[in-house]
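Enquirer: what would the 3D arrangement of this be:
(chains A, B, C and D)
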Protein chains: 2
Amino acid sequence: MPRASHRPRLVDVAEQAAVSLATASRALAGREGVSAEVADRIRQIAGELGYVANPYARTLASGATSTVGLIVHQIDDPYFAEIAAGVIQLAAERGLLVQICQSGRDPGYELQQLRHLIAQRVGIVLISGSGYDDPRMEAAARAELAAFQDHGGRAAAIGRHALGVDAVLPDNEAGGHALAQHLMDLGHRRIAVAAGSAGLTTVADRLAGVSSALRQRGRSPADLAVVHGDFTRAGGRAAAEQILNEHPETTAIIALNDAMAMGVLSTLRSRRVPVPARMSVVGFDDVSVAADLAPSLTTIRLPMTEMGRTALTLALKPHTTRPRRRPTGHLLVVRDSTGPAPTT
Amino acid sequence: MPRASHRPRLVDVAEQAAVSLATASRALAGREGVSAEVADRIRQIAGELGYVANPYARTLASGATSTVGLIVHQIDDPYFAEIAAGVIQLAAERGLLVQICQSGRDPGYELQQLRHLIAQRVGIVLISGSGYDDPRMEAAARAELAAFQDHGGRAAAIGRHALGVDAVLPDNEAGGHALAQHLMDLGHRRIAVAAGSAGLTTVADRLAGVSSALRQRGRSPADLAVVHGDFTRAGGRAAAEQILNEHPETTAIIALNDAMAMGVLSTLRSRRVPVPARMSVVGFDDVSVAADLAPSLTTIRLPMTEMGRTALTLALKPHTTRPRRRPTGHLLVVRDSTGPAPTT
DNA sequence: AGCGCTTACGTAAGCGCTTACGTACCCTAG
DNA sequence: CTAGGGTACGTAAGCGCTTACGTAAGCGCT
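Expert: Numbers count the residues shown, from 1 in each chain, chains lettered A, B, ... in the order given. Model (predicted):
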């Protein structure tokens, strides 16, 4: 491990300014108890010396951390990359550092990462990505976060409601509803869903929205062909294969995220199923490539970058007993992957 | 700022084990000078207590940092996201933490981020993304890194040769060469290049490869229509427009990264130019979506995740006077976006 | 028996900050 | 003129670790 180096220390600044350590510290922290002239002089000297406080010493002495830990499923998934971009942006504006961990969609490993971050004394934990339908794990994470907050830490979640912390909540159900409605408006009656792993709450919520839309139109959700797979492009490809084989009458596929939608489009292309002439496809999230696909993807837009910023904003506010909730809103973006149901 | 909390400290472990602080520290660090039985007892007690060393205290005392700072242009660009994934993976295996900064492709801001990371006492700096054709900035960054390494820090770069530090170097020139060759093999004679900003060394290198391939076949690189734009999808769209307007005889477009290639495809689609029947398109990088585009993209595969891992691996090795260089290798991946030149 | 060497551990001095408390000094009120 | 209360600063005690150095015991050797 490398060894940190001989940068100017606070003593150097204090010496130059002919004041004590305490005064220098107060002046640079902008705390009161220092006359304006002295404070100015100290700040100027610090600037000239290129003094930057050693965060390790500062944290050790004060107990106050300025790093935020961010847990994502996979950083190279555009959904999480965009969230991370938002978090990093805002953190940079606030002079905070961001540490990123990948959980790989494994609840056990996620819990481990969470503990690791807390043990590393980050001040803020941001946990993003769908929750898991695994009461033990969720309870453990919840307990961990509660203890963390009891000891002065702050936490916020993105896309998970069951953690007992402030949360940014995408309009999963409403979005699913809007997608199904859009397809029914186009005359589709045989709709299939390419859903992510059954154990993810995001999948359940989006699916619930789809079902409720069907019910609203007097149609039985039981008619819906739901195929589960990984919440990835590969999962989408597999799901599409299965749908084409087992439900050949399908005229529209709802993929529960854009990654799966891309996989679905990929399979349809190789199977020479024209989109949207023969099959309509919709996604969810509106990752930035969605607009550039061929055909461009009809989907639900979620403001991912914004969501990252909001989560950090929440975490920077003081802890409240009742967790705050910030719904994201959503927007149906109609592009070229959807069209009227084939009349055959 | 939150306040860190009452976790077990090393004294607690030492007390329980009835040994001194020093012995406990040594035992947990696995250093010698402790008998096997005592060391075992200490480790066991630490485990029971859930003891995790306070990294701030540890760093302050030892001067050894275990965080690595990673600078990327944009984390939500798949190229960088995949690199980051590799870095984070390996860091997790090694028990290191990763701090990510975005430079937004602005050399000035990048330099600022670099200084910030160093001031924050990270032990390792990883700097990724194309270099800039701005001697002042590059020299400043180089100087900053040299000073950092002189003081015991470690640094590595990904895709930049001029920083005087260990570097992972994508086969930019060879890749460009291979792309041009592939297109010429298909009979294309009117080739245009959708290039990123002229100030990026990556752009220059890839372009040089293209030119050399032309020269090798006895053709003048002057014939090549080169259009510069942002190294993004939007830049690709704009470049394609310009190529279609100003060089209508073009039958193949080389986009110098996949993002631009996606923009190019997008424009071609909206202008109803069939790919590859009327126009072939190639990209560079092979980001994971490239295979799922319509048509799937012929491109040069770079092992981004691997590159991230390699860069960190280099940085974990001791400093050498002569910077190490690790070429990445490359692979031409032929997919559906390229075909024979139209015979008209 | 005495010497030096090694091994296993303890003692204590920091690392560079923050901050509770102490102490001058000045101002105002009585 | 002094008591009381600010204000502006200094003193010093940590924060939780690491590590140079000290020490005592055990060993083999002459």
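Enquirer: my guess is A:Thr313 meets A:Gln89, correct?
Expert: No. Taking CB atoms under 8 Å as the contact criterion, A:Thr313 and A:Gln89 are not neighbours in contact, 11.5 Å apart. The C-beta positions use only the backbone N, C-alpha and C, and glycine is treated the same way.
Enquirer: and these two? Which one has more around it.
Expert: Set side by side, A:Thr313 and A:Gln89 show unequal neighbour counts under other CB atoms under 10 Å in any protein chain shown, the larger going to A:Gln89 at 18 against 15.
Enquirer: contact partners for the residue of the stretch 51-200 of chain A found nearest DNA strand D?
Expert: Checking the stretch 51-200 of chain A residue by residue against DNA strand D with CB to the nearest atom of the strand singles out A:Ala61 as nearest, at 3.5 Å. Contact partners of A:Ala61, counting by CB atoms under 8 Å, 6 or more residues apart in numbering or on different chains, are absent.
Enquirer: hang on, it is in a helix, isn't it?
Expert: Yes. When DSSP: H, G, I helix; E, B strand; the rest coil is applied, A:Ala61 is found to be in a helix.
Enquirer: what's the pLDDT at it?
Expert: The predicted local distance difference test score for A:Ala61 is 93.
Enquirer: just A:Ala261 next, same as before
Expert: On pLDDT, A:Ala261 comes in at 98.
Enquirer: figure out the helix or strand that it lives in.
Expert: helix A:258-270 (DSSP states H and E).
Enquirer: distance from the very next helix or strand once past that helix to the middle of the chain?
Expert: Counting by DSSP H and E, the element after helix A:258-270 in chain order, helix or strand, is strand A:280-282. On the basis of CA atoms, centre = their mean, to the nearest Å, the separation between the geometric centre of strand A:280-282 and that of its chain is 24 Å.
Enquirer: near DNA strand D, which residues of chain A?
Expert: Contact residues of chain A with respect to DNA strand D, defined by CB under 7 Å from any atom of the strand, are listed as A:18-23, A:32-35, A:38-39, A:57, A:60-61.
Enquirer: are any of those buried, and which?
Expert: Listed as buried from the residues of chain A next to DNA strand D are A:19, A:23, A:34, A:38-39, A:57, A:60; burial here means 16 or more other CB atoms under 10 Å in any protein chain shown.
Enquirer: surely A:Ile124 touches A:Gln149?
Expert: No. With contacts counted by CB under 8 Å, A:Ile124 stays clear of A:Gln149, the gap being 10.3 Å.
Enquirer: overlap of the contact sets of those two?
Expert: Listed as contacting both A:Ile124 and A:Gln149 by CB under 8 Å, 6+ apart are A:Ala155.
Enquirer: so between these two, which is more surrounded?
Expert: Comparing A:Ile124 with A:Gln149 by neighbour count (other CB under 10 Å), the higher total belongs to A:Ile124, at 27 against 19.
Enquirer: contacting residues for the closest residue to that one other than its chain neighbours?
Expert: With CB to CB, 6 or more residues apart in numbering or on different chains as the measure, A:Val68 is the residue that lies nearest to A:Ile124, at 4.0 Å, once sequence neighbours are left out. Remark: with contacts taken as CB under 8 Å, 6+ apart, A:Val68 is in contact with A:87, A:91, A:96-99, A:122-126, A:312, A:315.
Enquirer: of the residues you listed, list those near DNA strand C.
Expert: Subset of those in contact with DNA strand C: empty, counting by CB under 7 Å from any atom of the strand.
Enquirer: so which of those residues are in helices?
Expert: Using DSSP state H, A:87, A:91, A:312, A:315 are the members of these that sit in helices.
Enquirer: any figure for the gap between the third one and A:Val168?
Expert: Relative to A:Val168, A:Leu312 is positioned 10 Å away (CB to CB, to the nearest Å).
Enquirer: what sits in contact with each of these two?
Expert: Residues touching both A:Leu312 and A:Val168 by CB under 8 Å, 6+ apart: A:Ala156.
Enquirer: pop out the phi and psi values for A:Arg271.
Expert: Its backbone dihedrals place A:Arg271 at phi -90, psi 0, with angles given as degrees, to the nearest 10.
Enquirer: which ones are touching the residue lying closest to A:Arg278 once chain neighbours are set aside?
Expert: Distances taken as CB to CB, 6+ apart place A:Pro342 nearest to A:Arg278, at 5.8 Å, with adjacent residues excluded. For A:Pro342, the contacting residues are A:251, A:277-278, taking CB under 8 Å, 6+ apart as the criterion.
Enquirer: wait, a helix at A:Pro342?
Expert: No. A:Pro342: not assigned to a helix; according to three-state DSSP it is coil.
Enquirer: got the residues of chain A near DNA strand C?
Expert: Residues of chain A lying close to DNA strand C by CB under 7 Å from any atom of the strand are A:9-11, A:21-22, A:25-26, A:28-29, A:31, A:51, A:53-54, A:57-58, A:60-62, A:64.
Enquirer: recalculate using a threshold of 10 Å.
Expert: Proximity of chain A to DNA strand C (CB under 10 Å from any atom of the strand) is limited to residues A:4-14, A:20-29, A:31, A:33, A:46, A:51-64.
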